[in-house]
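In: Fold the following and give me the result.
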Amino acid sequence: MTRVLAPGRVLVAALAVAGLLALPSGAAAADRVPASFFGVVAEFDLLRDSALAPAGSTLEREIREMSRSGIGSARASFYWAKIQPHRTWDDVPEDSRAQFADVDGRPYSFAETDRLMRAAAAQRIRVMPVLLWAPSWAQRTPGEFASPPRDPAEYAAFAAVLARRYGQGGSFWRENARLPRLPVRDWQIWNEPTMLGFWLEQPFAKRYVALLRAARPALRRVDAGARVVLAGLVYNSPAALRAIYKAGGRRHFDVAAVHPFTLHVSGVGLLIERARAMMASYGDRRKPLLVTELSWPSARGRVKFPYGYEMTEKGQAQRVAAALPYLVRRRRELGIERIYWYTWLTREVHESYPFDYAGLRRLEDDRVVDKPALAAFRRTALRLQGR
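Out: Modelled structure (predicted):
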């Protein structure tokens, strides 16, 4: 992955001091943001009751902790390969059939996503799914998990099934009438398609735009107010946006998304400015933008191949305390609708991948440990909400 630094190696030590950028206690209500502005990427594989998760770390408990920390939005991967691993009922092993529901004559497994949606709604946290990872039967290159889908129409059909389940008027909400009704309205189409680890075939734009072109009308037929969110674009997001526009993508997404990873807080603003400039040059000045991953992993000195923006745990907390008010102050100027910290919980055992140290909390043996960044996030987010 490419290292990105702010031009001129601008030092922003002052921004690392939370109090200098926080809203004063008497700030006007108009300067405050709703809880939904602050989101977190939730890797729910780590939160399930399984051998991977300690007894004290259930999905429901973690989501309650998110809500207590000022988080009103969660970005979660809805893996196509898990939800629809079999194309037809004939492909489903006899002893597994009870795990699947029949939708239009095809088998789908909603158990994990139902549990996630139920826990999030109970805490009034709105979920934005990221739809990725094609099952082997739908891959262009079978057996490669980062393979693009072979047929965009199949991907679009999958998206529509999820919208009918979790979107406006979805069956999930009818079956769970006592829950606060928070239907999914935003659907993110894949993740970081400029990276080989997410999209095996490069250049990516032509086939990715075909996915957008199929998914948007399929979702809109289910929910006329559904929004297609562009995949989070990482590092050179202006170049990726240009490729998408040149491939005819402008009419096929409603919201842009970026992952502005860089060393300094000011560099985050600069990367968003550059993405915004590219959007404006193609007539998309008014489209909203989400920061679907914001992160400084606490991996300094712990990985063999650093990316250039690793922090100590103390430094990670300082970046959290600085970045949240910085982005709140610039949200109108930059058209930022929401931000999501990457990520909520990590195991922190690998030496090869800095983002394994990105969590606000970490799994440590048989317990969950709060990192300093969680206290910084909670304190800052609640203050910016006027709470």
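In: which residues in the chain form strands?
Out: Secondary structure of the chain (DSSP state E): strands at 38-41, 73-79, 101-103, 106-108, 126-132, 186-189, 227-229, 233-234, 256-259, 289-294, 336-341, 345-346, 361-364, 367-370.
In: and these as JSON lines, adding distance to P180, mean pLDDT and mean neighbour count?
Out: Just so you know, the C-beta spots here come from the backbone N, C-alpha and C atoms, and that holds for glycine as well. Converted to JSON lines, the strands of the chain look like this (distance: least, CB to CB, whole Å; pLDDT from 0 to 100; neighbours: other CB atoms under 10 Å):
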{"stretch": "strand 38-41", "distance to P180": "17", "mean pLDDT": "98", "mean neighbour count": "26"}
{"stretch": "strand 73-79", "distance to P180": "14", "mean pLDDT": "97", "mean neighbour count": "23"}
{"stretch": "strand 101-103", "distance to P180": "23", "mean pLDDT": "97", "mean neighbour count": "14"}
{"stretch": "strand 106-108", "distance to P180": "24", "mean pLDDT": "98", "mean neighbour count": "19"}
{"stretch": "strand 126-132", "distance to P180": "10", "mean pLDDT": "98", "mean neighbour count": "23"}
{"stretch": "strand 186-189", "distance to P180": "17", "mean pLDDT": "98", "mean neighbour count": "24"}
{"stretch": "strand 227-229", "distance to P180": "20", "mean pLDDT": "98", "mean neighbour count": "21"}
{"stretch": "strand 233-234", "distance to P180": "32", "mean pLDDT": "98", "mean neighbour count": "25"}
{"stretch": "strand 256-259", "distance to P180": "26", "mean pLDDT": "98", "mean neighbour count": "26"}
{"stretch": "strand 289-294", "distance to P180": "22", "mean pLDDT": "98", "mean neighbour count": "24"}
{"stretch": "strand 336-341", "distance to P180": "19", "mean pLDDT": "98", "mean neighbour count": "23"}
{"stretch": "strand 345-346", "distance to P180": "24", "mean pLDDT": "92", "mean neighbour count": "25"}
{"stretch": "strand 361-364", "distance to P180": "25", "mean pLDDT": "89", "mean neighbour count": "19"}
{"stretch": "strand 367-370", "distance to P180": "26", "mean pLDDT": "90", "mean neighbour count": "14"}
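In: Would you convert these into TSV that also reports distance to A146?
Out: TSV is the format used below for the strands of the chain (distance: least, CB to CB, whole Å):
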stretch	distance to A146
strand 38-41	18
strand 73-79	13
strand 101-103	26
strand 106-108	23
strand 126-132	9
strand 186-189	15
strand 227-229	20
strand 233-234	14
strand 256-259	17
strand 289-294	17
strand 336-341	22
strand 345-346	21
strand 361-364	25
strand 367-370	30
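In: What about the closest residue to A226 other than its chain neighbours, how many residues nearby?
Out: Among residues not flanking A226 along the chain, L219 sits closest, at 4.3 Å (CB to CB, 6 or more residues apart in numbering). L219 has 28 neighbours, counted by other CB atoms under 10 Å.
In: And L219, how far from V130?
Out: Using CB to CB, to the nearest Å, one gets 14 Å for the distance from L219 to V130.
In: can you check L233 too?
Out: 13 Å.
In: Let me know the outermost residue of the chain.
Out: Ranked by distance from the centre of the chain (CA atoms, centre = their mean), the top residue is E94, with 35.1 Å.
In: State the distance from that one to G39.
Out: 41 Å.
In: Quickly list what the most centrally placed residue in the chain is bridged to.
Out: Nearest to the mean C-alpha position of the chain, by CA atoms, centre = their mean, lies R75 at 3.9 Å. Counting by DSSP bridges, R75 forms beta bridges with V41, M128.
In: Isn't it up against V40?
Out: Yes: R75 lies in contact with V40 (CB atoms under 8 Å); the separation is 7.4 Å.
In: shared neighbours of the two, which are they?
Out: Both R75 and V40 are in contact with Y340, where contact means CB atoms under 8 Å, 6 or more residues apart in numbering.
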